[in-house]
Every structure is written in structure tokens, then in C-alpha cells.
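# My questions concern the predicted model and sequence given below.
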Amino acid sequence: MTEFKVPELGENVASGDVAKVLVSVGDTVKKEQPVIELETDKATIEVPSSVSGVVKEIKVKKGDKVQVGAVIFTVDDGGAAGNGAGSAAGKAAAAPAAAPAEAKPEAKPEPKAEPKPEPKAEAKVVSMPPRPSTALGAGQPVETPAAPPATTPVAPAPSNLMPAAASPAVRRLAREIGVDINSVAGTGPAGRISQEDVKEHARRILSSVGSAGAPAAGGVAARASRPMPDFAKWGEVQREAWSNIRRVTSEHLSYSWNTVPHVTQFDKADVTALEELRKKFKDQVVKAGGNLTVTSMLVKVLATALQKFPQFNASIDPDRGEIIYKKYVNVGVAVDTDRGLLVPVIRDANRKNITQIAVELQQLAEKARDRKLTVEEMSGGSMSLSNLGGIGGTYFTPIVNWPEVAILGVSRGGTEPVWKDGQFVPRQTLPLSLSYDHRLIDGADAIRFLRWVVEAIEQPFLLSLIG
Amino acid sequence: MAQTTQIAVLGAGPGGYAAAFYAADLGMQVTLIDVEKNPGGVCLYRGCIPSKALLHVAKVVDEATHASKWGVTYGAPSIDVDKLRAYKQGVVDKLTAGVGSVAKLRKVNFVQGRATLTGPKSLTVKTAAGDEEIQFQHLILATGSSPTKIPSLALDSPRMMDSTSALELPDVPKSLLVVGGGYIGLELGTVYATLGSKVSVVEMTGGLLPGADRDLVQPLEKRLKTLFAAIMVNTKVVKVAEEKNGIRVTFEGDVAEKEQLFDRVLVSIGRRPNSKVPGLETTRVKVDAKGFIETDPQRRTAEPSIFAIGDVAGEPMLAHKASHEARVAVEAIAGHKAVFEPQAIPAVVFTDPEIAWCGLTEAQAKEQNVDVEVAKFPWGALSRAITVDRPEGLTKLVLEKSTGRVLGVGISGSGAGELIAEGVLAIEMGASAEDLKMVIHPHPTLSESVMESAEVFFGQSTHVYKPKKK
């Protein structure tokens, strides 16, 4: 017996309403065969089966709200199954998940079936953010993935993909300049695609490639990836589909990397005093429902630094030749989840004390891992923080989370001899890496900013004053 | 001495001659090869055109008969078959000669004869003046299709007809069995029935015109039931045998009388691609299991110098699809990035009433699970249809539910074939029901039914009260 569960439905989609059940008990289902239609906030998604066999029991019906991970049906796959890898985890998830089908879903179903090591108390934080959400700050439209919206890539080829609504002349234009008409978002009524939409799409692709080494005129197609070698020649390989998050991350980071001239500045802060402070107030923060982590303290430091150095809380609008200064201070924190990187944003961090920040960060990190973060909660950052220290590393060069202009990377701290008052003393230090957009920020500004951060860390009593 | 040409086109039907003319217009040197004296192909010589000439006459006869209802009574028609045949032949001659002269004006080299391929870049044509060798850079195969023959209906008798011989109008038989309830059988059946034959139709599946939505077929079916002697569905012909007084036909299926005698039998069970081009094996061109030549979206075959268009290159086997493919293939040869990607190919059945549809049918939408809403406007509420006493028609739009985008259009009624063009345009332009409803249509015309069916989608049709259910 095998269970088929609601697969991941796409970014920020945690649940959906069952619009249609396309199979009945006794049906033989095959892999990739559409089995239910789910309505989510974003779209109606036809969910293909990942299992095959004879449907034994259907656990949902039309109108049910189902969470990612909930069991849709079980199939009899013939064998005396049940001891396959992962089925234990599946069972565990099945019990609570099956409940909401009939009963009122008041007890939150726990869809997670991750036999993962306990997530560390401190949100595991990693290098960079996937965040092309919608227009951060102001300025240019971020490239929203114009992929067919109706059917988020749950899995391959949904059967009812509408052909793009474009006239023959528009189709011809797209073909000639090498744009896939099905990837163009139409701005007309009923999603109709105009010639202007095609051109705009092409312009966006071109600008995301960056102007350096720009392909020759008309060369959107020229940007196509190079052919891959046949890896199988050298040994066994396995191909897996890119998850939605991976794809969005890839597009966003490529865009940032190609758009922002990066410089990374390193420094090291003495955190001995900060650590003492952290230990002292730890329990107090735990009582409040948070975790007093280095990350949450650094969020506060950054929030204050952003007020001191307004050009770090800015974005560049090259089309209009303007710099946009933000009057709010929102700090994004990169969170490592089992499905990739997410960057929730702590809003108005300058107006919150460290305890509040610690509590909020704890909640956001949990939401990130439970797939409950909304697009809103991941938008509008002023600057991002990426703490890899929980894992290790000395220094690294984080990628700026465009349209932000700076990011602070944190590596693993340690105890080292520091020359102080004529002798070596053991001090705890923390390596910091600041990447910034050299179009807006000069090296001198950057090191001034970073020195300010270091000093704020080294004199934590100042922190307690400000927060 | 071999001739050389940039493009050779084999077959001068509406695919082939359209390709030849367009290539000539683009400045290419073109040789067009066909067995007939003039370009035209099946469509002009033995298909669309002669059948429409005859159907026109049938319609006049029918209207004259019905006129008594309106207070005008003519006598029973007296039909001079020779004169009628000559009229039809005149239409064919006029059009084929016209196309021939247009070919000359364009300086297309027209070669009459049978061609045999001799390699990926050459062929020989057997002409009246001897063999002619032609070397080409590109070849477009437009060899068309022929009526399907099956062994159980193979009987060597002048009483047995296919669409070609039926269009020659040998006589008006007392009784005629039409085998196959597709568009060819129904069109020709209509002609013969109106001229005075007792026509029976036998169809293997459960209904006439398989593939068309049932609600569109229904008005036609109703009318044909009065025009035809019998419509036998779910019935198969298992045997035909010649007797002194006709053809004895044995049926199997839903029909009561299993053996019947007919003066003539018309076999119209479909068409088969003419892909057995002599010498095709000297090229890399591939033919699929159904006999169609395999092509890519540009209509290029597995042999890079050879393209295939029209009936021989795949369904639907329709003249207008062939001429569109012709332009795609020629543009591809000219180095443009053209591909064949129509959003809708209209299909028209020229019976009376006519049936026409394009894009997604209601049945396909259901099958493919597309979330659509179907908006219907019955012609009983259409003033123009009432004035000509033909209120049985129906216009319907298959619309994407969420956006109202037009995905399919189906029309049943007198003149549907002309009306469907607006539907094709709507689909190709990505128009929505809102667009159609906001376009002013002339009054009083049948075309208003397109606008009003769009209004039905919004529950706002002027002449049909059907509030939108919430």
C-alpha cells in the first residue's frame, strides 16, 4: 500500500481547496496522471500522481482544504509493501493528515514528514536569498517569473495548458526574435499578448543577462545555454527536476550577480563582551518565546547602522537616473530550509528591541521551515544578513540581494589570542563579510560602515542603550 | 539536358499551387508539376468546387420547393442532367483555367506529367513530349489524397461510385446508398436527394459527422431525415454484390432490413494520403503508420531538401490547411522562422443547413478537462434567420471560463460556412467574449448571432433572456 500526498505546490502555497477529484476507488492510476485539481490563491493546479497502482481509498473530497503533505489517496501497488524506505515517515504523517478530510480541521495538521535532524535553535542561516517577489522598494519591476501561471510546475506537462493568447503577427514577432511565446505574460484583456509585451519580455531577458558581453542584436536566442556534455559517458548520473524555489533562486541570483558590481570587504569583531551579554539575557528572552542568538543581535546592530549610513538603505533606479532612499529599516535574514533558501524580513527592526527581534526571528524561521511564509513576509528588505557561522567557514562573499545594495555575511566565530595591553589574551572573535553595490557605495563608505558595525558589536552596552 | 529549378512543387492542388505562386512572388524560380492540364488538384477538379456548384443548384431547388409555404408555387423541377453537368464543368474549367493563367503570369514553369523522384535533389517527369529531368534545390510534396477503398466494398461495377465518379453526375439514380456519414457523403447525398434520388445513408458510428458537437449536428440531422429515405447509424456494410437491377447490400447492426437493393452505391468513408510517391525511397523522407509523410513544424521532412504539405502531410485534410502550410514551407525555404501553428482550423460541412466549427469543440473541452463555459444563441431569436424562414440554427462559443477568451466557435445553420471566419479570427487574435460583444455587427444579419452569443456569456443578450446564474 502506498500513499499519495499533496506534493509541494509552488512557492508560498501551503494548501489548496480540492476542486475536483479525478479518480475513483478502483481506478488504476499511473505516474504523472492528473488525479486531483487544487485551487490555491494563485491558480488551479492539476496535481499529477507520483505513484501508480489501484486506488484503494480516497481521503479527500471536493471542497476539502488540504495542506501540502496531506494524504489524497492510497493505492494498492500489489506488493507486500509497507517497508519501503520512507514509508515509516509517510505513515507518521498520514494519521494526522487524514483527519481534516472529514473532521473539522481545528487541530492543525502537521504535514511535515521530514525525518531531519532537529533544526538548530538558531535558524540555520546561509548565503543567499531567492527573492524576486514583486517590486521591492520602488524602482524597476523585478522579473516575475512569467512562466505559465495557470499551472505551477508541480510536475511535468499538465495536459490543459492553454496556448498563449497571441495573434499570428505577435507569434511571428516572438519567433523571429527568439522569444518563447508561452513564456510571455500578456497584459491585454484575458491575458492577451501584444507585440509590446513580446518586446518588453525580450528587453527584460536581455537586461537580466547584463550588458557586459551582450549578445549581438536580436540575440535573445543567442543567450541559450550551451549544450551539455553527455555525462553518462563518464558514469552513472541521475536527473531531477528543478524545484520552483531553486529556479526562482537561480534567476534572482543570476540577475543580482550580473547587475550589481560586487565588492566584498572583510573584518573581524571581538564578540567576547557580546557573548557575555548574550548569556546573561538568554533566559529572559527564552521566557519571552525567542532565542537570543548572535543573528538576532546582529539584526539590531544592522538596523541601527542603516540609520547612520542611509546609502546602505537605498536602491538604484538607473532607468530614471535616481537613487531611492528608504525611510524604513527592514532587515532580511537568510534561512536555510529543506527546500532551499528563503529570506524573511524583519520589518521596522530599528523600532524593535532585541527581545522582540529574537522572538520574531524565531517565528519567521519556523514559518520558513513549515512553508508558511507569505510573499509579503519575504519582501521589502533594506539589507540582508546571512549567517553561516552555525555551520562553519572563515569568510565568504555573499551576493547582494538586489534591489538591496548590501549584505552582511557572518562566518564561524572562535577563540583566538589577541594582543592586548602588552600580552596575548584569549578573545572570542567573529568574521564578517560585507558585500556591497559599488555603483552606489565606495570602498571608504563600506569600511566605515563595517567598522561601525564591528565597534557596535564590541561595545554591546551601546546596544542595550539603543535597544 | 536536365532543367534546374530552385523549387519544385509536386502536385498542383490548393497546397501545391499556393506554394508555387508564393515562392514565385518571393522571387524564386519555380517548377510546378501535376498530371492535369491546369493547376487545381482534387479541390478544383473533383472536390470542393464541383460539389459546391451542385450544392448551390440543390439549394435553389429546395428553396423553390419550400416557396409554396410563402405563397409562391413553382411546378415540380424538371432536371436536365446534361446541362447541369455542363454548368458544373464550366465552373471547374473556369477556375482551373484561371489558376493556370495566374501561374503563367507569375512565370511558374508548369509541367504536366507524372513525376518519379530520383534522389533528394532530382526527379523525372513523364510528359507527353517524353521524359524531363528536373534538378531542384528544394521540393515541396503536395500530392494530396484519394478516396479510401476497403476490400468489403471493392466491387468492379459502374454502379459503385466514389466521390470522384459521383461528382461526374452520370445520372440521377432512383436509389442511392451513401456509405459513410461524414461530410463528403452528406454533401453528395444532399445533391442526389434533391435531384430526385431516394438516398439512404449508412454510418458505422452512433451519429452523423463524428467529431462535430452533437448540438450542431442536430438541426441538420432533423432536416436530412425528411430529405433522405433512411439514415442508418451503428450499421456496417458487410457485403455488396451486383445483381441485374442493382447492387445488393448486406448490413450488420442496428438496421432492421439486413439486405437492400440500390441502383447505385457511393462509398465515402474517408480519404487516404497519396504518400506512395514513386521514387520516394531514393530519399530519406519518412512515412508514418497512417501513411502521412512525417514533417517538422516547418513542414520539412526527414530529407532536409524536401517539404510536404496538405493532405499528404497530415490531418485535417482540408484545402485551406494546405494553402496555409504552403506559405509556411515556402517561408521556411526562404530562410524565415515560419512554423505551422494555427490556433484554429475551420471545418465546414456544406450541407443545408451548413455546419461549421473551429478551435476547441465542446466535446474536446470536456475530454481535455478544460474549464470552459459554452454560450449559445439559438437562431430562433435571430431576426435574419426568421426572415429567410430558417430559424433552426445555433451559434455557440466555447469560452475559457475564467477569462471569457474564445477557444472555440461552432455554428449550425444556413450560411454557417461564411460566419465561421469571424470565429477563426477571434481565436487567432486571442479575443474574448467581451471583445465580440463590443464589436458592432450589422443588422439584420446572421452575424449578429456571434455578438449575441457573446452577450449570452454575460447574461446580457438582447434577444435571449438568460440571466447569468450566480
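Thanks, I have it.
# Wasn't residue A:451 part of a helix?
Yes: under DSSP: H, G, I helix; E, B strand; the rest coil, residue A:451 sits within a helix.
# Leaving out chain neighbours, which residue sits closest to it?
Nearest in space to residue A:451, with sequence neighbours left out and distances taken as CB to CB, 6 or more residues apart in numbering or on different chains, is residue A:267 at 7.0 Å. Every C-beta, even on glycine, is put in place using the N, C-alpha and C of the backbone.
# so which strand or helix has the one you found?
Following DSSP states H and E, the helix or strand that holds residue A:267 is strand A:262-270.
# Pull the distance from the helix or strand following that strand to the chain's centre.
On the C-terminal side of strand A:262-270, the nearest following helix or strand under DSSP H and E is helix A:272-287. When C-alpha coordinates are averaged (CA atoms, centre = their mean, to the nearest Å), helix A:272-287 and its chain have centres 30 Å apart.
# Stretch B:424-437 too?
Stretch B:424-437 sits 24 Å away from the centroid of its parent chain (CA atoms, centre = their mean).
# Against chain A - does it have any residue that ends up touching it?
Yes: figure legend: stretch B:424-437 in contact with chain A (CB under 8 Å from any CB of the partner chain); contacting residues B:428-432, B:434-435.
# Which parts of the chain are helices?
Went with chain A since none was named. A:87-98, A:168-177, A:195-209, A:244-259, A:272-287, A:294-308, A:354-369, A:443-458, A:460-466 (DSSP state H).
# switch to chain B, that's the one I care about
According to DSSP H, the helices that chain B contains are B:16-25, B:41-46, B:48-66, B:81-105, B:163-167, B:183-195, B:214-227, B:319-333, B:362-367, B:383-387, B:416-428, B:433-438, B:448-457.
# what packs against the last one?
In other words, helix B:448-457. Applying 3 or more CB pairs under 8 Å, 6 or more residues apart in numbering or on different chains; DSSP states H and E, one finds that helix B:448-457 makes contact with strand B:372-378, helix B:383-387, strand B:394-400, strand B:406-413, helix B:416-428, helix B:433-438.
# number of nearby residues for residue A:188?
A count of neighbours around residue A:188, defined by other CB atoms under 10 Å in any protein chain shown, yields 16.
# thinking again about what came up before, same list, the helices and strands packed on helix B:448-457, but as JSON lines with mean neighbour count and mean pLDDT please.
Below are those laid out as JSON lines (neighbours: other CB atoms under 10 Å in any protein chain shown; pLDDT from 0 to 100):
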{"stretch": "strand B:372-378", "mean neighbour count": "21", "mean pLDDT": "96"}
{"stretch": "helix B:383-387", "mean neighbour count": "16", "mean pLDDT": "96"}
{"stretch": "strand B:394-400", "mean neighbour count": "27", "mean pLDDT": "97"}
{"stretch": "strand B:406-413", "mean neighbour count": "29", "mean pLDDT": "97"}
{"stretch": "helix B:416-428", "mean neighbour count": "21", "mean pLDDT": "97"}
{"stretch": "helix B:433-438", "mean neighbour count": "20", "mean pLDDT": "93"}
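# Turn those into a markdown table, including distance to residue A:279.
Conversion of these to a markdown table gives the following (distance: least, CB to CB, whole Å):
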| stretch | distance to residue A:279 |
| --- | --- |
| strand B:372-378 | 65 |
| helix B:383-387 | 89 |
| strand B:394-400 | 62 |
| strand B:406-413 | 67 |
| helix B:416-428 | 70 |
| helix B:433-438 | 67 |
